[in-house]
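>>> Need a 3D model of the following:
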Amino acid sequence: AAPPARIIIRPPSGDGLLEISILDLHLGKLCWAPEVGEAYNLDIAQRTFHAALEDLLAKGAAMKPSTILLPIGNDFFNVDTIAGTTTAGTPQDEDGRWQQGFIAGRKLMVQAIERCREVAPVEIVMVAGNHDTARLYYLGEVLAGWFRHSSDVRVDASPTQRKYFRWHRSLIGFTHGDNEPVA
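Modelled structure (predicted):
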């Protein structure tokens, strides 16, 4: 049921990698300004994400990247369970039903990936956080299926805690860090 790949005609590119890292979004988190100093909800999170994405794409435009690296995660979602808790069971204030948050996250990332595709092929790395380990894995599988007909989108949805991306002679590593040993 994956949609057909949208044909993209891009301007000539250079040979650089542009990493777009918008982490710790906590999509679905609910905050009341009088209590915590600033309001936050699904709508604010989505507007913030889109603004950050456009800002980073604009800043990287002069580089004319040949590839965009898009790590998704590090607490992309605020909760992991239908009970509104983190992976470890810590209760969270959530904006709406658990299904709403997942649907909003899927739509947000499909839009973001399609926007990045307008610039360059996209490499996606799913990086689970301590708030959303299971949901982020599911999102990665959904995105891999959604873009399976798109030869210019690759999704690393593997279940490993650490992810690596090789760019020429550089190795870029990703992890949330909450389970990493402290030296």
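>>> Where do the strands of the protein begin and end?
Under the criterion DSSP state E, strands of the chain are mapped to 17-19, 67-73, 122-127, 153-156, 163-167, 170-174.
>>> Reformat those as JSON lines; add distance to P91, mean neighbour count and mean pLDDT.
No exception for glycine: its C-beta is placed from N, CA and C like everyone else's. Output for these, formatted as JSON lines (distance: least, C-beta to C-beta, whole Å; neighbours: other C-beta atoms under 10 Å; pLDDT from 0 to 100):
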{"stretch": "strand 17-19", "distance to P91": "33", "mean neighbour count": "20", "mean pLDDT": "97"}
{"stretch": "strand 67-73", "distance to P91": "21", "mean neighbour count": "23", "mean pLDDT": "97"}
{"stretch": "strand 122-127", "distance to P91": "24", "mean neighbour count": "23", "mean pLDDT": "98"}
{"stretch": "strand 153-156", "distance to P91": "31", "mean neighbour count": "20", "mean pLDDT": "98"}
{"stretch": "strand 163-167", "distance to P91": "29", "mean neighbour count": "14", "mean pLDDT": "96"}
{"stretch": "strand 170-174", "distance to P91": "28", "mean neighbour count": "12", "mean pLDDT": "96"}
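>>> for G129, what are its contacts?
D24, G73, N74, D75, F76, L136, H176, D178 (C-beta atoms under 8 Å, 6 or more residues apart in numbering).
>>> burial of the fourth one, as a residue count?
With neighbours defined by other C-beta atoms under 10 Å, the count for D75 comes to 25.
>>> so what pLDDT did the nearest residue to it once chain neighbours are set aside get?
Using C-beta to C-beta, 6 or more residues apart in numbering and skipping residues adjacent in sequence, the residue nearest D75 is G129, 3.5 Å away. With respect to pLDDT, G129 scores 95.
>>> Quick check: G129 vs N179, distance?
10 Å (C-beta to C-beta, to the nearest Å).
>>> Same question for R97.
29 Å.
>>> Make sure E123 is actually in contact with F165.
Yes - taking contacts as C-beta atoms under 8 Å, E123 lies within contact range of F165: 6.3 Å.
>>> anything in contact with each of these two?
L69, D156.
>>> that older thread, farthest pair in the contacts of G129?
Comparing all pairs in these by C-beta to C-beta, the longest separation belongs to F76 and D178, at 14.3 Å.
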